[in-house]
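Visitor: return atomic coordinates for the entry below.
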Amino acid sequence: MFDFLDRPGWEWGWQSHTKSNGFRFWHKHFAGFRKSDRKRPDGTIKDRGEDCEEELKRRAPLVWCFWEDVKTLLLKGHTLVRCYANGLQYGNDGMIHTDSVVDSSFTSVYYPHKEWSPNWGGETVFFNKAKDEIVGVSYPRPGRLCCFPGTTPHVARGLSRTCPVLRITLMFKTEGPESTRTAEEASEDQ
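Guide: Numbering: from 1, shown residues only. This next block holds a predicted model:
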């Protein structure tokens, strides 16, 4: 997977949080929508994203095969709504953000590198809803897949100057099975 993702075709200029003038980084879009919250013209949010598996199968068959394994083993009942890769190099810093405002949304980050040194940085850091406390960290261990709710604030930490490679991550954005939360629970989050 790393060899496939490391090939040419990267686009410069993607941002993790465009509303805060976030820093730009490398990006490859494979399938699905490009805006994570799916806002309608009236400002409301569509309940669920559209399945993009067939688009992924056409545009990136190797990634689709990997998705099929992930879906079967870890994300049963999830619908793939977006798939892309990000690339960070030394000097690129992420911004704390959420991937969605929809409770049934999930993000899965795959770290495809063949090797990674703890001295290189590049961790994914998770925060509480107030974004004032770190609640978890995912070290970019080669072959690790980290799954979390899309409403979780997080950031890709920058790389140290000793890192000689592009930090590549492959993302699967999914909609989980229909939420079992009550309307009262959902309104408490507002």
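Visitor: the residue nearest to residue 166 when sequence neighbours are not counted: what's it in contact with?
Guide: For residue 166, ignoring the flanking residues on the chain, the nearest one in space by Cβ to Cβ, 6 or more residues apart in numbering is residue 87 at 4.5 Å. To be clear about C-beta, it is placed using only N, CA and C from the backbone, and glycine gets the same treatment. Shown here is residue 87, whose contacts under the criterion Cβ atoms under 8 Å, 6 or more residues apart in numbering are 10, 25, 26, 27, 28, 166, 167, 168.
Visitor: okay, and which of those map to strands?
Guide: Counted as lying in strands by DSSP state E, out of the contacts of residue 87, are 25, 26, 27, 28, 167, 168.
Visitor: wait, the fifth one touches residue 160, no?
Guide: Okay, so that is residue 167. No - under the contact definition of Cβ atoms under 8 Å, residue 167 does not touch residue 160, with a separation of 10.6 Å.
Visitor: doesn't residue 108 belong to a strand?
Guide: Yes - residue assignment for residue 108, taken from DSSP: H, G, I helix; E, B strand; the rest coil, places it within a strand.
Visitor: what kind of secondary structure is the residue nearest to residue 166 in?
Guide: The assignment at residue 87 comes out as strand when based on three-state DSSP.
Visitor: per-residue pLDDT, it?
Guide: As predicted, residue 87 sits at a pLDDT of 95.
Visitor: out of the ones in strands among the contacts of residue 87, which is most surrounded?
Guide: With neighbours taken as other Cβ atoms under 10 Å, the top of these is residue 167, carrying 25 neighbours.
Visitor: any idea how far that residue is from residue 71?
Guide: Noted for residue 167: a distance of 25 Å to residue 71, by Cβ to Cβ, to the nearest Å.
Visitor: residues contacting the closest residue to residue 154 other than its chain neighbours?
Guide: The shortest distance from residue 154 to any residue that is not its chain neighbour, by Cβ to Cβ, 6+ apart, is 4.9 Å, and that residue is residue 126. Contacts here follow Cβ under 8 Å, 6+ apart; on that basis residue 126 touches 134, 135, 136, 137, 138, 148, 152, 153, 154.
Visitor: switch to 6 Å and redo it
Guide: For residue 126, the set of contacting residues under the criterion of Cβ atoms under 6 Å, 6 or more residues apart in numbering consists of 135, 136, 152, 154.
Visitor: looking at this, it is in a strand?
Guide: Yes - residue assignment for residue 126, taken from three-state DSSP, places it within a strand.
Visitor: tell me which residue is most central in this structure.
Guide: Compute the mean C-alpha point of the chain, and by Cα atoms, centre = their mean the closest residue is residue 171, 4.3 Å away.
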